[in-house]
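Asker: No sequence on hand, only this structure:
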């Protein structure tokens, strides 16, 4: 167990930006929340091995679409969401974790941990960012026996959009309620959910997810003085990932709908070659001009600026921008139970109009998941 530092905040945001896969929040927000955490306390990063089996861990996150423009999440909202669970849950909360890495989501739990005397657990519900809460729910998405608590806080009081909400029920039903609350609050909202014992988290999470992001971030920071190509080389070398192509953003057809950003981005690689990136908040799949699938969630899929080497989010990507399309195969990252659960895929596949699960796992069969 060690205290998190300002250097860790910057590295977590840098590395998390790669695992953000085009979503996962915003760099400025991550730095702001991380700085606030260090200003109010001394957040500590703990491995699961350092916690007893019955220590209860809460997932801290933000729900919404990165391109949403009318939201407001303040540091106090992250704290309030956790406090709502503490006030209603019949048990003691020991630590917090994030459901995913990202530009700001790697930092999700650091502020409430510092403010409320909890530890930050070195695990993630998914090593990369994803569009639905079910994809980071540690294999509980389809469970009808686990009764969870979920809470949200956020919005603009001056516009009447501020909400506080706590719900109890199955993960699937309560997750849908929170997504609606996010939309009503302006497109993004702070959340806390799923109090679970460390023993369960140890079996179902992507272990070491925070340390992995910090390690990649440190490699990026070391390469930055050498220029954009050094940064791109550091990202590919450190992760074992690969560049699928370099080119110019030709078309961006992404629209906000129900707290999701959904659509496609076309990248012209050469006169005869192009890549299509399928977006639902994050990059979920990439196909070439012939429709051949090149990479699919839970692979990490990221766009990198050729000018700076840094990751570029879906919301910041512009037509005419020169980028590299980067991917890390799922075999090179820890996979949680969530991303192996076939029940989390249909709603995303329906929204995108493409298949994901059969491309992600060899059998392609939607067998009943036995992990929860």
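Answerer: Now that the structure is in, tell me what you want to look at. Keep in mind it's a predicted model, so treat the numbers as computed, not measured.

Asker: contacts and neighbour counts: CA atoms only from here.
Answerer: OK.

Asker: where does the protein have low pLDDT?
Answerer: Across the chain, the ranges flagged by pLDDT under 70 are 65-69, 362-372.

Asker: run the last query once more with 50
Answerer: 364, 366-372 (pLDDT under 50).

Asker: could you pull out the helices for it?
Answerer: If DSSP state H is used as the criterion, the helices of the chain fall at 6-19, 27-40, 75-88, 110-116, 171-184, 198-204, 209-223, 228-239, 337-340, 346-352, 357-360.

Asker: could I get these as CSV with mean neighbour count and distance to residue 282?
Answerer: Formatted as CSV, the helices of the chain follow (neighbours: other CA atoms under 10 Å; distance: least, CA to CA, whole Å):
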stretch, mean neighbour count, distance to residue 282
helix 6-19, 26, 10
helix 27-40, 19, 15
helix 75-88, 20, 22
helix 110-116, 25, 23
helix 171-184, 20, 16
helix 198-204, 19, 22
helix 209-223, 21, 17
helix 228-239, 19, 19
helix 337-340, 23, 14
helix 346-352, 14, 11
helix 357-360, 18, 16
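
Asker: so can I have CSV of those showing distance to residue 254?
Answerer: Putting those into CSV (distance: least, CA to CA, whole Å) gives the following:
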stretch, distance to residue 254
helix 6-19, 20
helix 27-40, 21
helix 75-88, 28
helix 110-116, 31
helix 171-184, 17
helix 198-204, 33
helix 209-223, 27
helix 228-239, 26
helix 337-340, 24
helix 346-352, 11
helix 357-360, 22
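
Asker: For residue 309, which of these is the nearest?
Answerer: helix 228-239 (4.2 Å; CA to CA).

Asker: Show the secondary-structure elements that that closest one is packed against.
Answerer: helix 209-223 (3 or more CA pairs under 8 Å, 6 or more residues apart in numbering; DSSP states H and E).

Asker: and the residue nearest the centre of the chain, backbone torsions?
Answerer: What sits nearest the mean C-alpha location of the chain, by CA atoms, centre = their mean, is residue 129, with 2.8 Å. Per-residue torsions, residue 129: phi -80, psi 150 (degrees, to the nearest 10).

Asker: quick one: which of the helices of the chain is nearest residue 55?
Answerer: helix 198-204 (5.4 Å).

Asker: hang on, the earlier thing: thought residue 18 was touching the residue nearest to the centre of the chain, still the case?
Answerer: No. The criterion here is CA atoms under 8 Å, and residue 129 misses it with residue 18 at 9.5 Å.
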